[in-house]
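**Student:** Fold the following for me, if possible:
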Amino acid sequence: SPAPNIHAGHDDVMAVADSGWGVLFARNVQEVADLAAIARRVAERTETPFLVVQDGFLTTHTLENALLPEDELLRQFVGDPRERIRDLFDPADALMTGVVQNQDSYMKGRVAQRDVYEQIPGALRSAFAGWHELTGRRYGLIDAYRTDGAEHVLVSMGTMADTAGDVVDHLRGRGRSVGVVNVTSFRPFPAAELAAAVRSATRVAVVERTDEPGASANPLTRELKAALADIAAEGERIPRTVAASAGLGSRDVSAGDLVSVFDWLADEDATRARPYTVLGVRHRLALDPAPVTVRAPGSYSLRGHSIGGLGSVTVNKLLASVIGETFGLYVQAYPRYGSEKRGLPTTYYLTIAEAPIRQHSELSEVEFVPLHGVAAFEQGNPLAGLVDGGTVFMHSSLDTPMSIWSSVPESARAEIRARAINLVALDTLALAER
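**Tutor:** Next comes the predicted model:
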């Protein structure tokens, strides 16, 4: 079996999905904050614990614009827990917990959970409505985006669903009839709502951050197929449902990967011949990513190359904070994390834009590349993905333009000249020591 991994994946969540807890999935940093408050309110009102799931590192270690709720707003929304949470250890109202139940009682208690759990969808809808009234941000059990009349629909959860929204806009602009559904509430599962959102499509692809080869399909795919089966039992036509695994262990999922899913859906013969695929790895079942770049309006991006432990990742996030707060722009800053990064080459990204940034992947196109030194040219290709006419900023202790230029490998100098790339150098260490 694979070794342990602390990065983004939904396989660990699926292992506890049926523990009786509620499970909500967040697409971005803003949703993490909002759903935490919403889940707290619903948990207290239904006496049911909740998980708010976010994609590790892709949101946990990413700096993005977010409006955090004020303390007074949370007090108003959640309320005083002492007014609704029972004291389960009050001697005056004794309750037995942690015991073994035998044939006479276990099933009764287990089935009795349904009476409690059936209250959760209504409590969630009430909390979603209350949050919208206070903040203007709207949530639902699912979020169907541009699915009306769509022939091909992608269904997913977490950051991939956020990226898919940009991909749908990109393809719609080229005349493609596509849409995306984000599943916010995995437990309780919104079977009727999800089936209604996709039932008019011709084909549907479910993209998940997990893979269960021993099952009939992956978890979200199974849930959707079961929901559609109820419609088919009434004699109605349902869309063909296919599935993909992507992003396990934070494997990069680009816009091009998701475009390839929509291209797959557009080919009826391909979906019949191959009802399951994988993204982002070389495999006999894999789809090749489409050669597209999807960016937020007014985007300016950088990809930095440094050495783990030098503080570049922190500086990148500080830069994002200053730019976002000073100029009122949208920002997204994150590193390419790995357990081996300290002392070794590391990469970090920053995007500045005029609109929300919904991409959660490594950048394939940037305007600016800062380097920790000329050694970066020996540790990779820092010019890859840099637009023609872009800028490279390099730390150097050399003091003349010719010596700095001569320190750059000849192959890189040739590419810099051919593509009209600007090279800027500064002795940043000497500057910091002043």
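
**Student:** wait, residue 208 sits on residue 244?
**Tutor:** Yes: here residue 208 reaches residue 244: they are 7.4 Å apart, a contact under C-beta atoms under 8 Å. Just so you know, the C-beta spots here come from the backbone N, C-alpha and C atoms, and that holds for glycine as well.

**Student:** Quick check: beta-bridge partners of the closest residue to residue 324 other than its chain neighbours?
**Tutor:** Take residue 324 and drop its neighbours on the chain: the residue closest to it by C-beta to C-beta, 6 or more residues apart in numbering is residue 331, 4.1 Å away. Here residue 331 sits in beta bridges with residue 352, going by DSSP bridges.

**Student:** same thing with the one 4 residues further on?
**Tutor:** Beta-bridge pairing of residue 335, defined through DSSP bridges, involves residue 348.

**Student:** and the closest residue to residue 161 other than its chain neighbours, what does it touch?
**Tutor:** Spatially, and ignoring its direct neighbours in sequence, residue 161 is nearest to residue 182 (3.7 Å; C-beta to C-beta, 6+ apart). Taking C-beta atoms under 8 Å, 6 or more residues apart in numbering, we find residue 182 in contact with 25, 27, 142-143, 145, 156-157, 161-162, 164-165.

**Student:** Which of residue 208 and residue 244 has more residues huddled nearby?
**Tutor:** More neighbours surround residue 244 than the other of residue 208 and residue 244, with 30 against 26 (other C-beta atoms under 10 Å).

**Student:** Let me know whether the more buried one touches residue 281 as I believe.
**Tutor:** No: counting by C-beta under 8 Å, residue 244 sits too far from residue 281 to count as a contact (11.6 Å).

**Student:** Show me the shaky parts of this protein.
**Tutor:** In the predicted model, the chain carries pLDDT under 70 at residues 338-341.

**Student:** ok, the residue nearest the centre of it to residue 10 distance?
**Tutor:** A centroid search over the chain (C-alpha atoms, centre = their mean) returns residue 159, at 1.5 Å, as the residue closest to the centre. According to C-beta to C-beta, to the nearest Å, residue 159 and residue 10 sit 11 Å apart.

**Student:** from memory residue 295 sits against residue 358, does it?
**Tutor:** No: here residue 295 does not reach residue 358: they are 10.1 Å apart, not a contact under C-beta under 8 Å.

**Student:** Which strands or helices does the helix or strand that contains residue 123 pack on?
**Tutor:** Assigned by DSSP states H and E, residue 123 belongs to helix 120-135. Judged by 3 or more C-beta pairs under 8 Å, 6 or more residues apart in numbering; DSSP states H and E, helix 120-135 is in contact with helix 29-46, helix 71-78.

**Student:** Contacts made by the last one with the rest, please.
**Tutor:** The reference is to helix 71-78. Against helix 71-78 from outside (C-beta under 8 Å, 6+ apart): 37, 40-41, 44, 69, 130-131, 134-135.

**Student:** residue ranges for the strands of the stretch 301-434 of the chain, please.
**Tutor:** 330-335, 345-353, 366-371, 386-395, 422-426 (DSSP state E, counting those that start in this stretch).

**Student:** of those, which approaches residue 238 most closely?
**Tutor:** With respect to residue 238, and counting by C-beta to C-beta, the nearest of the strands of the stretch 301-434 of the chain is strand 330-335 at 37.6 Å.

**Student:** in the closest one, what counts as buried?
**Tutor:** Burial within strand 330-335, assessed by neighbour count using 16 or more other C-beta atoms under 10 Å, is assigned to 330-335.

**Student:** Can I get those in TSV including distance to residue 403?
**Tutor:** Below are the buried residues of strand 330-335 laid out as TSV (distance: C-beta to C-beta, whole Å):
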residue	distance to residue 403
330	40
331	35
332	36
333	33
334	35
335	31
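
**Student:** wait, which of these is closest to residue 3?
**Tutor:** residue 335 (21.5 Å).

**Student:** ok, so what distance separates residue 5 from residue 251?
**Tutor:** Applying C-beta to C-beta, the value for residue 5 to residue 251 is 10 Å.

**Student:** higher neighbour count, the two?
**Tutor:** Applying other C-beta under 10 Å to residue 5 and residue 251 shows that residue 251 carries more neighbours, namely 19 against 15.

**Student:** Count the residues that sit near the closest residue to the more buried one other than its chain neighbours.
**Tutor:** Distances taken as C-beta to C-beta, 6+ apart place residue 280 nearest to residue 251, at 4.6 Å, with adjacent residues excluded. The number of residues packed near residue 280 is 19, by other C-beta under 10 Å.

**Student:** and residue 280, what is it in contact with?
**Tutor:** Residue 280 touches 246-247, 251-254, 257, 286, 289, counting by C-beta under 8 Å, 6+ apart.

**Student:** Pipe the residues you listed into JSON lines and attach secondary structure and distance to residue 386 per row.
**Tutor:** Shown next, in JSON lines, are the contacts of residue 280 (DSSP: H, G, I helix; E, B strand; the rest coil; distance: C-beta to C-beta, whole Å):
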{"residue": "246", "secondary structure": "coil", "distance to residue 386": "27"}
{"residue": "247", "secondary structure": "coil", "distance to residue 386": "26"}
{"residue": "251", "secondary structure": "coil", "distance to residue 386": "24"}
{"residue": "252", "secondary structure": "coil", "distance to residue 386": "18"}
{"residue": "253", "secondary structure": "coil", "distance to residue 386": "22"}
{"residue": "254", "secondary structure": "coil", "distance to residue 386": "17"}
{"residue": "257", "secondary structure": "helix", "distance to residue 386": "22"}
{"residue": "286", "secondary structure": "strand", "distance to residue 386": "27"}
{"residue": "289", "secondary structure": "coil", "distance to residue 386": "19"}
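
**Student:** Among the residues you listed, which one sits closest to residue 370?
**Tutor:** residue 252 (21.1 Å).

**Student:** wait, doesn't the closest one sit right on residue 362?
**Tutor:** Yes: look at residue 252 against residue 362 with C-beta under 8 Å: they come within range, at 5.1 Å.

**Student:** returning to what we had before: comparing residue 295 and residue 358, which shows the higher neighbour count?
**Tutor:** Between residue 295 and residue 358, counted using other C-beta under 10 Å, the more crowded position is residue 358 (22 against 19).

**Student:** Distance of the residue of the chain most remote from its centre relative to residue 82?
**Tutor:** Centroid-distance maximum for the chain: residue 92 at 47.2 Å, with C-alpha atoms, centre = their mean. Separation of residue 92 from residue 82 (C-beta to C-beta) stands at 16 Å.

**Student:** now residue 378
**Tutor:** Distance, residue 378 to residue 82, by C-beta to C-beta: 63 Å.

**Student:** Same check on residue 325?
**Tutor:** Distance from residue 325 to residue 82, by C-beta to C-beta: 37 Å.

**Student:** higher neighbour count, these two?
**Tutor:** For residue 325 versus residue 82, neighbours defined as other C-beta under 10 Å are more numerous around residue 325 (11 against 7).
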